Structure formats: structure tokens, C-alpha cells
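Chemist: this one's structure only:
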């Protein structure tokens, strides 16, 4: 269990690259959409945009992933919109969504038409099963990384365990579990950020008071030196 300060301190600062152009954003998302099979896109996007291209920090990416999963719609498209907006504003969001959807959609139409001819071949099903296993590995890696970043205290860990148990073990409806746990998680995060802000303000005020005291003492020493015979 880690404190937010230790979690931040354990990560060295990352130097981000130059902001990409709209064409680079479209090309990057098109590459991801055309080379990612069977799911696991969030893990591939983390590797591409954070680790390889250094367009975003890992904290920025995980924040966007959380928002993308909370919003309605397809998670990876939501994430593409968020990343594009972070990089190039509204135009970047549009280009990111188009790059994620359009190339893959065209290929999917062609593959669906051709799959009818090979659907009965055992090799085709073995290949799809292998691709699905790799995708599960990518999703698991992404989930572990996000959980590690979120586990900064006892309360977030309890919320993660309850959410996992309610959805996976108890088979409760997703909307019920998220609707109950998300407001609680948001409240806890807000209280934590508020405490951190108050602590930072007190530390800043203490440092300012110390500087003022030192300056006042120096000024008094100068006056004494001048008035001394």
C-alpha cells in the first residue's frame, strides 16, 4: 500500500516529445487499429503513445483511460478522442477517432466477406483462439498497471476488491456496481486532493513566513550595524 507522494516519487520524470501533427495522429491511430487483433487495444495504445512516442505521460494516459471507461460508448474510441484532444484539441480528437474507426472498419468489412469462405476450416479457429489469448494478456497487463497506480491507500483497494467481486464473482449488473462505487471513489479522491492542497498551502505559507522572518532579522541587523557607534 503506497501513499500518493511515494507513488509519484517512485516514477522518474519523463521528457515528452514534440506535439504531433494531425497527420501523425491519424497515422498512429490507423496503425493501432489495423495491427491490433482480438482486443487489448488499451495496452497497445499505452505502449505506442506513452512508451514509444512519448506523446503523453503514463499518468495522463491512465487518467484518460479511466474517463474513457466511465463514459458511454466504445472504450477505445473514447480513449482515442481523449488522446487526440490532449494532443491537438478538437481537431485532434476528431482525427484520432477517425483514425481508430475508419481503417479498421474498411478492413473488417473485407475480412467479414472473406471469412464466410474459411469459417469451417479448423485452422482459422485455432488462429483466432491464439490471437484472443494474446489480447487477454495485453488487457491483463493494462489492468495490473492501472490497479498499481490506483492502490495508494486502503480505501481505493477496498473499492477495487468490492467492484471486482460484485461484477465477476457475484455477477451483479455492471451499472448497479459502477453506480454505487463510482460516486464513493470520486468522493474519496476529492477529499484526498483537498487534503493535499491544504497541506501544500500550509507548507507554502510556512516557507513564506520563514523567508519573511529571515529577511526581517537581516534588516534589523543592518540597522543595528548602522546605528552602532
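Modeler: The structure has been received and is ready for your questions. All of these numbers come straight from a predicted model, not from anything done at the bench.

Chemist: ok, and what's touching the helix or strand hosting residue 28?
Modeler: Per DSSP states H and E: residue 28 is located in helix 22-35. The contact list for helix 22-35 (C-beta atoms under 8 Å, 6 or more residues apart in numbering) reads 20, 41, 44-45, 48-49, 53, 80, 84, 87-88, 91-92, 95-96, 98-104, 107. Yep, even glycine has a C-beta here, placed from its N, CA and C like the rest.

Chemist: can you give me the buried ones in that helix?
Modeler: Within helix 22-35, the residues scored as buried using 16 or more other C-beta atoms under 10 Å are 22, 24, 25, 26, 28, 29, 30, 32, 33.

Chemist: helices or strands next to the helix or strand just after it in the packing?
Modeler: Following helix 22-35 in sequence order, the next helix or strand is helix 41-46 (DSSP H and E). In this structure, helix 41-46 packs against helix 22-35, helix 58-70, helix 75-118, helix 122-150, with contacts taken as 3 or more C-beta pairs under 8 Å, 6 or more residues apart in numbering; DSSP states H and E.

Chemist: buried by neighbour count, from the contacts of helix 22-35: which ones?
Modeler: In these, burial by neighbour count holds for 20, 41, 44-45, 48-49, 80, 84, 87-88, 92, 95-96, 98-101, 103-104, counting by 16+ other C-beta under 10 Å.

Chemist: picking up where we left off before, out of the helices and strands packed on helix 41-46, which comes closest to residue 207?
Modeler: helix 58-70 (25.8 Å; C-beta to C-beta).

Chemist: contact partners of the closest one?
Modeler: 11, 14, 42, 45-46, 49-50, 56, 75-76, 78-79, 82-83, 86, 142, 145-146, 149, 178, 182.

Chemist: related to what we said a few turns ago, turn the buried residues of helix 22-35 into a markdown table, columns for distance to residue 166 and pLDDT.
Modeler: Written out in a markdown table, the entries for the buried residues of helix 22-35 read as follows (distance: C-beta to C-beta, whole Å; pLDDT from 0 to 100):
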| residue | distance to residue 166 | pLDDT |
| --- | --- | --- |
| 22 | 42 | 95 |
| 24 | 41 | 95 |
| 25 | 37 | 95 |
| 26 | 39 | 96 |
| 28 | 36 | 94 |
| 29 | 33 | 94 |
| 30 | 37 | 93 |
| 32 | 32 | 90 |
| 33 | 32 | 88 |
